[in-house]
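Peer 1: only the shape, not the letters, is given here:
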């Protein structure tokens, strides 16, 4: 019977942070700057910019979940489907059973994690493009199933009039209030990743992604490690779906189509698919771009394609692979 064995973590992982001797000057400066950026939307008066800040936070949480799977060497194109599972379960339990938002959101996250566990148990024997294609098919299957289940999901018309989030009597019914909630969840997801990659489980995730054969030889079950990452990461997506539904007040099957999943992958690649900072950087850069190019809708996809090619060519580790961000994350290069 195989037992998990702790192996050395790669550079830039949480183990490097511990080995670096705690918070260095650069990391303190980065933390202060980051805290200032997080606080900026609280002083904004434009609803549009606050809305963008909320979307950035939601995307950070979704991309953080995908990062876990990416570091095991797999890539999923059905992250939007798990966002949808969380959204529909949260909304339906809240409206039909009058569950409070917090319980409904947790049930949505749990439902997404359960679906991911069952799906992963069946398909994680596949690797590379075969796994990607199956996840793409599952995403489309989910969207079509929601369209056909009109008596429950509203079909193409969707579900409207979803109430805003309320936790312990506090209503997050304004953009600034909801931003605080979304930012707290995004920060919690990043903190979870930082803590995870300092543990033996986090080292096993990196080992499975970097050299699966060697990982198996040292006693690490690559399939179980990938299943853990897929399940937990999809739970992140489900929780985000519950938040998104309560924020927008409307969901439909088209809210969770394949383009959403592709957008999350692009965010992760641009930010850095092997760095905890990747989801943050990628979401911060890629979320506002559609609004900046709203006047040139036909050029958006061209720009995305060019940007992705340039990143993959000159920054294969994403923007987080730059020396500055590597030092912030690991305090050594």
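Peer 2: Thanks, I have it. Only a predicted model underlies this, so the values are computations on that prediction, with no experimental measurement involved. Numbering: from 1, shown residues only.

Peer 1: so who does the closest residue to residue 229 other than its chain neighbours touch?
Peer 2: Setting aside the residues directly before and after it, residue 229 is nearest to residue 68 in space (Cβ to Cβ, 6 or more residues apart in numbering), at 4.1 Å. In this view, the C-beta of every residue, glycine as well, is placed from N, C-alpha and C. Residue 68 makes contacts with 193, 196, 205, 229-230, 232-233, as judged by Cβ atoms under 8 Å, 6 or more residues apart in numbering.

Peer 1: kindly report the same for residue 166.
Peer 2: 100-101, 172.

Peer 1: at 7 Å what do you get?
Peer 2: Residue 166 makes contact with 101, 172, according to Cβ atoms under 7 Å, 6 or more residues apart in numbering.

Peer 1: distance check, it against residue 201.
Peer 2: Going from residue 166 to residue 201 by Cβ to Cβ, to the nearest Å gives 34 Å.

Peer 1: ok, now residue 326?
Peer 2: 23 Å.

Peer 1: the two: which has the busier surroundings?
Peer 2: residue 326 (20 against 16; other Cβ atoms under 10 Å).

Peer 1: what about that one, distance to residue 93?
Peer 2: The gap separating residue 326 from residue 93 is 43 Å, by Cβ to Cβ.

Peer 1: what ranges do the strands span in this protein?
Peer 2: All strands of the chain, identified by DSSP state E, fall at 159-160, 166-167, 170-171, 250-251.

Peer 1: those strands: which one's closest to residue 239?
Peer 2: Nearest to residue 239 among the strands of the chain is strand 166-167 (13.1 Å), distances taken as Cβ to Cβ.

Peer 1: how long is stretch 250-259 end to end?
Peer 2: 18 Å (Cα to Cα, to the nearest Å).

Peer 1: do stretch 245-254 as well
Peer 2: 13 Å.

Peer 1: use 557 as the first number from now on
Peer 2: Sure, I'll start numbering at 557, so the last one becomes stretch 801-810.

Peer 1: neighbouring contacts of it?
Peer 2: 610, 643-644, 646-647, 657, 699, 702-703, 712-718, 720-721, 734.

Peer 1: which PyMOL command selects the buried ones in those residues?
Peer 2: For the buried members of the contacts of stretch 801-810, the matching PyMOL selection, counting by 16 or more other Cβ atoms under 10 Å, is:
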select buried, resi 610+643+644+646+647+657+699+702+703+714+715+718+721+734
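
Peer 1: just the contacts of stretch 801-810: which are in helices?
Peer 2: If you go by DSSP state H, those have 610, 643-644, 646-647, 657, 699, 702-703, 734 in helices.

Peer 1: among the residues you listed, which two are most distant?
Peer 2: 703 and 734 (28.2 Å).

Peer 1: got the strands of the chain as CSV, with mean pLDDT and distance to residue 743 columns?
Peer 2: Compiled in CSV, the strands of the chain are given as follows (pLDDT from 0 to 100; distance: least, Cβ to Cβ, whole Å):
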stretch, mean pLDDT, distance to residue 743
strand 715-716, 94, 29
strand 722-723, 92, 16
strand 726-727, 91, 18
strand 806-807, 95, 25
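
Peer 1: so which of these gets nearest residue 685?
Peer 2: Nearest to residue 685, of all the strands of the chain, is strand 806-807, at 30.6 Å by Cβ to Cβ.

Peer 1: what pairs with the closest one, parallel or antiparallel?
Peer 2: Applying DSSP bridges, strand 806-807 is found paired with strand 715-716 (antiparallel).

Peer 1: tell me how far the strand it pairs with is from the chain's mean position?
Peer 2: 24 Å (Cα atoms, centre = their mean, to the nearest Å).

Peer 1: now stretch 791-800
Peer 2: The answer for stretch 791-800 is 9 Å, by Cα atoms, centre = their mean.

Peer 1: equivalent analysis for stretch 663-673, please.
Peer 2: Relative to the centre of its chain, stretch 663-673 is centred 14 Å away, using Cα atoms, centre = their mean.

Peer 1: other residues contacting that stretch?
Peer 2: 638, 641-643, 645-646, 649, 783, 786-788, 790-791, 793-795, 797-798.

Peer 1: and that stretch, what's buried?
Peer 2: 663-665, 667-673.

Peer 1: fine by me, we can end here.
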